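Q: sequence first, predicted coordinates after that:
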Amino acid sequence: MIGDRPRSPDGLRADRALLEEIAAQMDEARFQSVGAPVNLDFDYRHLAPFLAVHANNAGSPCGTSEYRLHTKHFERAVVDFFAHLAKAPPDTTFGYVTNGGTDSNLFGVFVGRERHPDAVLYASEDVHYSVPKIARLLRMDFVPVATNQHGSMDPHALETVCRQKGGAAVVVVTVGSTGTGAIDDLPGIRRALASAGIARTHLHADAAFGGLLAALAPRPVPWAFADGVDSVAISGHKMIGSPIPCGIVLANSTHVEEIRVPGAAVGADDDTISGSRDALSPLLLWHELRRLGREGLTDRVHECLRVAEYAAQRLEACGRNPSHLAGTNTVLFDAPSEELCDRWHLFRQNKRAHMVTMPHVSEELIDRLCADLASETGQLP
Ligand SMILES: Cc1ncc(COP(=O)(O)O)c(C=O)c1O
């Protein structure tokens, strides 16, 4: 409980000891956590001086601002990196660092809705839960579209519903579904819209989970601006890793003019969802991207995919019936007891458990998990 009076020196010492203990417990999680799509292997402690200063990237990341304490120059470098990754034209692309995937999706769909105020919002049945919520926030008609056996949107089903609805379409293209890592067929979606006669479109790629995989896997898939999307959401805390959730959103700068209010945010343009914005995440992302470079990130993605193959083989040997889409780092398998799911931070979907081989998930970690699974069933790993 937080009391009315300031804490005594002894009380403060006890609080610090408590916080250190909690931090140590959280740090231990990286050796026992295989279910969440977040990288736990990073260390930004040398950026600690930024915990003793204030900064706020209020308003637009571009142009001037009356607010002096910001990190927008770092933010723009991060945005440039992701714009290049998403094959966006450098001179006509706007982007900023957001609070995460939901925030990025909200921005992308908002821009689409402002371009086409009458648009229906389409997304696959397996879309992240943020998207139906965004439809409610923006008061858009939301139509979930059936998926195929791999969990990606069925373009024929999209064509059928678009023919029924007509008008304009904002389509969320999932690039790495939360459940299986499935990637929607972007060329198929574009063909479906054209065949249904929908001329006014905005395609938003929800690449929060799979953007880096789609871009850097040995066999890249169409997902980016050069492939026909108008806006992109990518997570910062998933494949890169960060103590604070964060994300990146990119969009065509001409389309962003639909939402921009010049000079409204302490002298900066108002063209972001939040007014005051996190100035620390851009520094963390900038630091990690500089450290790894595109090459280091590519190696990381390839290693995650290799470990996913390894996990599938080991789980097969354990009799856990794994399933795994090629080119993804998500492996589903027959769920163990609740106690084991808890211990290994595994999420359950019906009777299946959900593992994601993020950068901290090593072969050794998988071997330990398989030993636990085997001891539960008595089957040798
Ligand atoms: C595909 C996808 N989109 C959006 C999100 C939402 O991201 P956040 O939780 O950062 O808002 C997630 C998060 O798991 C995701 O997997």
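A: That came in fine, so what should we check first?
Q: residues from the stretch 101-250 of the chain in reach of the ligand?
A: Proximity of the stretch 101-250 of the chain to the ligand is confined to 101-102, 105, 128, 130, 176, 178, 206, 208-209, 235, 245, 247 under the rule Cβ under 6 Å from any ligand atom. C-betas here are computed from N, CA, C, even on glycine.
Q: can you tell me which residues contact residue 299?
A: With contact set as Cβ atoms under 8 Å, 6 or more residues apart in numbering, residue 299 has no partners.
Q: from residue 53, how far out is the residue in the stretch 101-250 of the chain positioned nearest to the ligand?
A: As assessed by Cβ to the nearest ligand atom, the ligand sits closest to residue 101 within the stretch 101-250 of the chain, at 2.4 Å. According to Cβ to Cβ, to the nearest Å, residue 101 and residue 53 sit 28 Å apart.
Q: neighbour count winner among those two?
A: Higher neighbour count among residue 101 and residue 53: residue 101, with 27 against 9, using other Cβ atoms under 10 Å.
Q: tell me how many other residues crowd the closest residue to that one other than its chain neighbours.
A: Among residues not flanking residue 101 along the chain, residue 208 sits closest, at 3.1 Å (Cβ to Cβ, 6 or more residues apart in numbering). Residue 208 has 29 neighbours, counted by other Cβ under 10 Å.
Q: can you check my assumption that residue 208 lies in a strand?
A: No - the assignment for residue 208, made by DSSP: H, G, I helix; E, B strand; the rest coil, is coil rather than a strand.
Q: related to what we said a few turns ago, report the two of the residues of the stretch 101-250 of the chain next to the ligand separated the most.
A: 176 and 245 (16.6 Å; Cβ to Cβ).
Q: which one's more surrounded, those two?
A: Neighbour count, other Cβ under 10 Å: between residue 176 and residue 245, residue 176 has more, with 32 against 18.
Q: list the contacts of residue 97.
A: 57, 61, 75, 78-79, 236, 246-248, 277-278, 281-282, 285.
Q: let's see it at 10 Å
A: Residues in contact with residue 97 (Cβ atoms under 10 Å, 6 or more residues apart in numbering) are 57, 61, 71-72, 74-76, 78-79, 82, 103-104, 236, 246-249, 272, 277-286.
Q: same question for residue 89.
A: Taking Cβ under 10 Å, 6+ apart as the criterion, residue 89 is in contact with 83, 225, 226, 252, 253.
Q: give me phi/psi at the spatially closest residue to the third one that is not a sequence neighbour?
A: Nearest non-adjacent residue to residue 226, counting by Cβ to Cβ, 6+ apart: residue 87, 3.7 Å away. Backbone torsions for residue 87, taken as degrees, to the nearest 10, come to phi 50, psi 50.
Q: any idea how many residues pack against residue 87?
A: The local packing of residue 87 (other Cβ under 10 Å) involves 16 other residues.
Q: ok, residue 339 next?
A: Using other Cβ under 10 Å, residue 339 has 10 neighbouring residues.
Q: which stretch of helix or strand covers it?
A: helix 338-343 (DSSP states H and E).
Q: which residues touch residue 91?
A: Contact partners of residue 91, counting by Cβ under 10 Å, 6+ apart, are residue 253.
Q: got it, and residue 247?
A: Residues near residue 247 by Cβ under 10 Å, 6+ apart: 82, 96-105, 107, 207-208, 211, 233-238, 281, 285.
Q: repeat the analysis, applying 6 Å as the threshold.
A: Contact analysis of residue 247 by Cβ atoms under 6 Å, 6 or more residues apart in numbering lists 98, 100, 101, 104, 235, 236.
Q: dig out what it forms beta bridges with.
A: Beta bridges link residue 247 to residue 98, residue 235 when assigned by DSSP bridges.
Q: re the thing from before, what about the residue nearest to residue 101, distance to residue 270?
A: Using Cβ to Cβ, one obtains 24 Å as the distance from residue 208 to residue 270.
Q: now do residue 17
A: Residue 17 is 44 Å from residue 270, by Cβ to Cβ.
Q: show me which of those two is the more surrounded one.
A: More crowded of residue 17 and residue 270, by other Cβ under 10 Å: residue 270, with 17 against 10.
Q: I'd say that one and residue 263 touch.
A: No - using Cβ atoms under 6 Å, residue 270 is not in contact with residue 263, being 8.0 Å away.
Q: now do the SS call for the residue lying closest to residue 356 once chain neighbours are set aside.
A: Using Cβ to Cβ, 6+ apart and skipping residues adjacent in sequence, the residue nearest residue 356 is residue 37, 4.5 Å away. What three-state DSSP gives for residue 37 is coil.
Q: mind listing what residue 37 touches?
A: Neighbour list for residue 37: 209, 238, 356 [criterion: Cβ under 6 Å, 6+ apart].
Q: same question for residue 195.
A: residue 159.
Q: same thing with the one 3 residues further on?
A: By Cβ under 6 Å, 6+ apart, residue 198 lies in contact with 162, 169.
Q: tell me where the stretch 51-200 of the chain has helices.
A: Applying DSSP state H, counting those that start in this stretch to the stretch 51-200 of the chain gives helices spanning 72-85, 101-115, 130-137, 155-165, 186-195.
Q: quick one: buried residues of the helix holding residue 339?
A: Neighbour-count burial for helix 338-343 flags 340, 341 (criterion: 16 or more other Cβ atoms under 10 Å).
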